[in-house]
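Asks: Provided below for reference: sequence and predicted model.
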Amino acid sequence: MFRFLLVLSLLVLAGAACASDDNSAGQAMTAGIEQFREGNYPLAREHFERSLGLGADTPALRYNLGVVCYKTGDYAAARNHFSTLLNGDSQALARYNLGLVALAEGRTGQARDWFGQAAADDAPDKVRQLAERQLADLSVQDNASRQQSTLARQGYLSAGLGYDSNMAGVPEDSPSNRGSAFAELVAAGSLGYQATERWRLVWDGVLYGQDYHHDSDYDTSVLQARITALQVVDVWELGIRGGGTRAWLGGDELETRAGLALLARTDACAGAALLHGCSFELAAEQVNGGPGYSAYDGQWYLFEARADRTLAGWLLEGFYRWESNNRDNFSQEGYVVSVSPRHHEIGIEAIYPLHPDVLVGAESALRHSRYDSPHQWLEQDVLVERRRKDTRLELGLMAEYWLNRQWLVRNQWLYRNQDSGIDRYDYDRHTLTVSLEGVF
């Protein structure tokens, strides 16, 4: 109750602060405050975002936006707005509210860190008292949780039908130039164990299958199992993951992978005015090709960085991905095919809630690939040697409708265009999928 009164008083002060701003921005702020008082938080958010778009980017407005986003359950947006206040006069209050957001998301370790910072000696008395109360409540909850199960289970199931305009086989191979309808199934599950206050273990597994109607030679199956150890350090969650994957193509074993990955994630990125969430992954795997695919024996390496933020109601996520392969390659009687590409890829994904039950999204990515060794082949009895370089453009659209709190229907269209230095690897590919997905 005390926290709610504190929020209301700040909203009133924010309205006074806007009186000297542009009239239309001030009117939008005032309308937002009125809608907030009436409990209409989505409409209040619309007014506050309109005021922000009109140039009234003040700490008070950012705080108000954080509050209504928190009230409507958009915790990612709330983090973004509160994070912009970390270097200002309201930084103690911002830390307290970031603790509330982390608490709502189940990140109790990060919540405790934020409340601890908000309870510093130099914090305002009211904020410090609120933070200390939250820390005391967390301590009580921790004692109670120790007497309860520390296991958390989650499952995911997806069944879909679709059409692929250009079936492809092994990774980076030339396409078939033939289309087919397909069915796919994804089943995944995870089991989490909270070992200590800051340490947790997560086991997860995935089973994936895709069957083509017209040609079973392109059917794909994947089985994956992993274990991850995660530790909260300040505002970061750091982890190490180990696991293995086996893939089949057309019923034959394609490859088996085993490796390790280092992980890092934070909701308080440097430069919080632009970003609020960042994650990094560094991975390496040993790959063993199946019978008939020994050319794929070797190593695979990955570095990936992701960052996200909200903007005018959109959730945006950008990424950079670097992949490197050191494979044996395929060689036979002067015919050499390199299967050791090095990829650089950048992309962005955007999701927008049209309605509480309807989300739409778009994605775009650009990838450049260069192969370590040149391809060789005979062309009219002349040996041709050329290094393969590819540029691939990827575009996608998505819409999903939540039937209830557990099940949703997703429609997704994906387009890929690849321009290669070797003509036979040029292709256009459209994929359309409709799926029913559930979370348990």
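Replies: Everything's here; your move.
Asks: low-confidence ranges, the stretch 51-200 of the chain, go.
Replies: 142-150, 171 (pLDDT under 70).
Asks: rerun that using 80 as the cut-off
Replies: 88, 139-151, 169-174, 197 (pLDDT under 80).
Asks: the helices in the chain, which residues?
Replies: Secondary structure of the chain (DSSP state H): helices at 2-17, 23-37, 41-53, 59-71, 75-83, 91-104, 108-118, 125-145.
Asks: tell me how far G99 lies from L191.
Replies: According to C-beta to C-beta, to the nearest Å, G99 stands 27 Å off from L191. Where you see a C-beta, it was placed from the backbone N, CA and C, and this is true even at glycine.
Asks: quick one, which of these two is more surrounded?
Replies: Using other C-beta atoms under 10 Å as the criterion, G99 and L191 rank with G99 on top: 28 against 15.
Asks: separation between the residue lying closest to the more buried one once chain neighbours are set aside and R107?
Replies: Spatial nearest neighbour of G99, excluding adjacent residues (C-beta to C-beta, 6 or more residues apart in numbering): W114 at 3.3 Å. Distance, W114 to R107, by C-beta to C-beta: 9 Å.
Asks: which one's more surrounded, the two?
Replies: Set side by side, W114 and R107 show more neighbours around W114, with 26 against 19, by other C-beta under 10 Å.
Asks: surely that one is in contact with L93?
Replies: No. Taking contacts as C-beta atoms under 8 Å, W114 lies outside contact range of L93: 11.1 Å.
Asks: so who does I351 touch?
Replies: Taking C-beta atoms under 8 Å, 6 or more residues apart in numbering, we find I351 in contact with 314-315, 359-361, 398.
Asks: look up which residues are beta-bridged to the spatially closest residue to I348 that is not a sequence neighbour.
Replies: Nearest residue to I348, sequence neighbours excluded (C-beta to C-beta, 6+ apart): G318, at 4.7 Å. Beta-bridge partners of G318, counted by DSSP bridges, are A307, I348.
Asks: which ones are touching G243?
Replies: Per C-beta under 8 Å, 6+ apart, neighbours of G243: 224-227, 258-259.
Asks: that one and A225: what is the separation?
Replies: Applying C-beta to C-beta, the value for G243 to A225 is 6 Å.
Asks: of all the helices of the chain, which one is nearest G347?
Replies: Nearest to G347, of all the helices of the chain, is helix 75-83, at 18.7 Å by C-beta to C-beta.
Asks: and the closest residue in space to D122 that isn't next to it in sequence, what does it touch?
Replies: Once flanking residues are discounted, D122 sits nearest to A92: 7.8 Å by C-beta to C-beta, 6+ apart. A92 makes contact with 117-118, 120, 122-124, 127-128, according to C-beta under 8 Å, 6+ apart.
Asks: now the nearest residue to L302 once chain neighbours are set aside: how far from E304?
Replies: Distances taken as C-beta to C-beta, 6+ apart place A283 nearest to L302, at 4.3 Å, with adjacent residues excluded. Distance of A283 to E304, computed by C-beta to C-beta: 8 Å.
Asks: wait, W407 touches E437, no?
Replies: Yes. Contact criterion C-beta under 8 Å: W407 and E437 qualify, at 7.0 Å.
Asks: which of the two has more neighbours?
Replies: Comparing W407 with E437 by other C-beta under 10 Å, the one with more neighbours is E437, at 18 against 14.
Asks: contacting residues around the nearest residue in space to that one that is not next to it in sequence?
Replies: With sequence-adjacent residues excluded and distances taken as C-beta to C-beta, 6+ apart, E437 is closest to S158, at 4.3 Å. With contact set as C-beta under 8 Å, 6+ apart, S158 has these partners: 184-187, 435-438.
Asks: could you export these as TSV, including distance to S373?
Replies: Output for the contacts of S158, formatted as TSV (distance: C-beta to C-beta, whole Å):
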residue	distance to S373
E184	34
L185	37
V186	35
A187	39
S435	39
L436	44
E437	41
G438	46
